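Asks: all I have is the shape, not the residue letters:
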């Protein structure tokens, strides 16, 4: 479709249906006292009624109404995203199976001197999350260690676990195999390497301030003593990070990581090719939900776009954030930040929020001449901020469950995301960091 469809607010109804079902179902289960209330209704299932509404709102023969959805599913960005999800899941599972996660956590914590336990928990969590590409997996791996540290020192449990969640969000935000990074870069049309290097300039000051704050909040009296089975098991993460930063294609990076982890497991232990195959498939299985959701959201987004919904939403955002009818870079960036934040607030899923708001964010950034690396970073950063502060988010719910404390206590102790919000808003206000304009990679 060459021409821009006429603005039609009704075309946004499918997205509203999805949010009502997903968020409304979460509220219902929350008041029923259900554990992980906002994760009882699977997001891909919540999209199905929205798809039906989208078909009913479209005009023409039934086949013509369905075609936009199928074209959205077959979009090259969605296809690439799905492939990256699958390979990232396989790499994470294989590397974890050979002992890479345990070796990384143990090595990091063993090297920490007593006064640096809190900052150390943050840094170890950050590295693991960057390497694994999942904040949830990082919290699950390191939060029990944080609870043990809190029990053996004078540090509070919420403080220790909050440092872990903060580090996990920092690493997830900067990981090239994180689903949020994948979604943000594909929707904005920029390379992962470029986005990560740009994103790092905003996240690093927030991380340094967080480390200084954690250092001042408390000092433990004991170090963690544990033997590292094999420090070589940390290598797959380092190899993948090095290849990613050097600009190698992400699919090639992940395939290389899987092969390297498999070979390392065979050389250092009793790992085998057949076991690696099983683990890789389990990694695929772990990514099926987010892959199906990406396909469905891609199709739904195309339906709303061709129906004029995205044109209407862009016009509304332009009207709200423009000054005297002119959409400036700063106002557009603030609009992008607020758009993804609101989406994340209601969906409690940062990837879903990025996918839902990505196209409108790209429209705003193109109109205001915002670099795609900047818009992708803002999407990822503010979805990270909201996900790390809402008590009904999966990361905080998991951390609270492991620590046996209220999610509200954990949310208030995740200092990094609060500091990141302030730093990111200052970056919008000042235009930091200054970068050369680069032609986006589509």
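Replies: Structure's in. What do you need? Quantities reported herein were computed from a predicted structural model and do not represent experimental measurements.
Asks: residue 99 against residue 232, yeah?
Replies: No. With contact defined as Cβ atoms under 8 Å, residue 99 does not reach residue 232; the gap is 9.9 Å. Where you see a C-beta, it was placed from the backbone N, CA and C, and this is true even at glycine.
Asks: which one of the two is surrounded by more residues?
Replies: residue 99 (21 against 15; other Cβ atoms under 10 Å).
Asks: which pLDDT value does the model give the more buried one?
Replies: With respect to pLDDT, residue 99 scores 84.
Asks: residue 220 now?
Replies: Note on residue 220: pLDDT of 49.
Asks: then residue 376?
Replies: For residue 376, the model assigns a pLDDT of 92.
Asks: so how far is stretch 116-129 from its chain's centroid?
Replies: Relative to its chain's centre, stretch 116-129 lies at 18 Å (Cα atoms, centre = their mean, to the nearest Å).
Asks: shift numbering so it begins at 23
Replies: All right, first residue 23 from here; so that's stretch 138-151.
Asks: give me the buried positions along it.
Replies: By neighbour count with 16 or more other Cβ atoms under 10 Å, stretch 138-151 contains the buried residues 138-151.
Asks: name the nearest of those relative to residue 164.
Replies: Nearest to residue 164 out of those is residue 147 (Cβ to Cβ; 5.2 Å).
Asks: mind checking the SS state of the closest one?
Replies: Judged by DSSP: H, G, I helix; E, B strand; the rest coil, the three-state class of residue 147 is helix.
Asks: tell me the contacts of the closest residue to it other than its chain neighbours?
Replies: Spatial nearest neighbour of residue 147, chain neighbours left out: residue 189 (2.9 Å); criterion: Cβ to Cβ, 6 or more residues apart in numbering. Neighbouring residues of residue 189 by Cβ atoms under 8 Å, 6 or more residues apart in numbering: 143-148, 151, 160, 164, 438.
Asks: same check on residue 317?
Replies: 95, 100, 104.
Asks: what of residue 87?
Replies: By Cβ under 8 Å, 6+ apart, the neighbours of residue 87 are 77, 80-81.
Asks: export these to CSV and tack on neighbour count and secondary structure?
Replies: Listed next are the contacts of residue 87 as CSV, based on neighbours: other Cβ atoms under 10 Å; DSSP: H, G, I helix; E, B strand; the rest coil:
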residue, neighbour count, secondary structure
77, 15, helix
80, 19, coil
81, 7, coil
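Asks: now, which of the residues you listed sits nearest residue 448?
Replies: Among the contacts of residue 87, and counting by Cβ to Cβ, the member closest to residue 448 is residue 80, at 43.6 Å.
Asks: and the gap between the closest one and residue 89?
Replies: As for residue 80, its distance to residue 89 is 9 Å (criterion: Cβ to Cβ, to the nearest Å).
Asks: quick one: buried residues of the helix or strand residue 236 falls within?
Replies: According to DSSP states H and E, residue 236 maps onto helix 214-239. Residues 214-222, 224-225, 227-229, 231-233, 235-237, 239 are the ones in helix 214-239 that count as buried (16+ other Cβ under 10 Å).
Asks: now stretch 336-354
Replies: 336, 339-340, 343-344, 349, 351-354.
Asks: export the contacts of residue 87 to a markdown table and tack on distance to residue 180 and pLDDT?
Replies: Formatted as a markdown table, those follow (distance: Cβ to Cβ, whole Å; pLDDT from 0 to 100):
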| residue | distance to residue 180 | pLDDT |
| --- | --- | --- |
| 77 | 47 | 91 |
| 80 | 50 | 87 |
| 81 | 54 | 85 |
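Asks: could you dump those to TSV with distance to residue 270?
Replies: Listed next are the contacts of residue 87 as TSV, based on distance: Cβ to Cβ, whole Å:
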residue	distance to residue 270
77	41
80	41
81	46
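Asks: regarding this protein, what is its longest helix?
Replies: helix 295-328 (DSSP state H).
Asks: output the contacting helices and strands for the helix holding residue 236.
Replies: If contacts are counted by 3 or more Cβ pairs under 8 Å, 6 or more residues apart in numbering; DSSP states H and E, helix 214-239 sits against helix 139-154, helix 179-196, helix 201-210, helix 257-267, helix 394-409, helix 437-452.
Asks: at 6 Å what do you get?
Replies: Counting contacts by 3 or more Cβ pairs under 6 Å, 6 or more residues apart in numbering; DSSP states H and E, helix 214-239 is packed against helix 139-154, helix 179-196, helix 394-409, helix 437-452.
Asks: rank the ones you listed by mean pLDDT and give me the bottom one.
Replies: helix 139-154 (a mean of 84).
Asks: can you give me the angle that helix makes with helix 179-196?
Replies: 30 degrees (axes from the mean of the first three to the mean of the last three Cα atoms, to 10 degrees).
Asks: who are the packing partners of helix 139-154?
Replies: Short answer (3+ Cβ pairs under 6 Å, 6+ apart): helix 139-154 packs on helix 122-132, helix 157-174, helix 179-196, helix 214-239.
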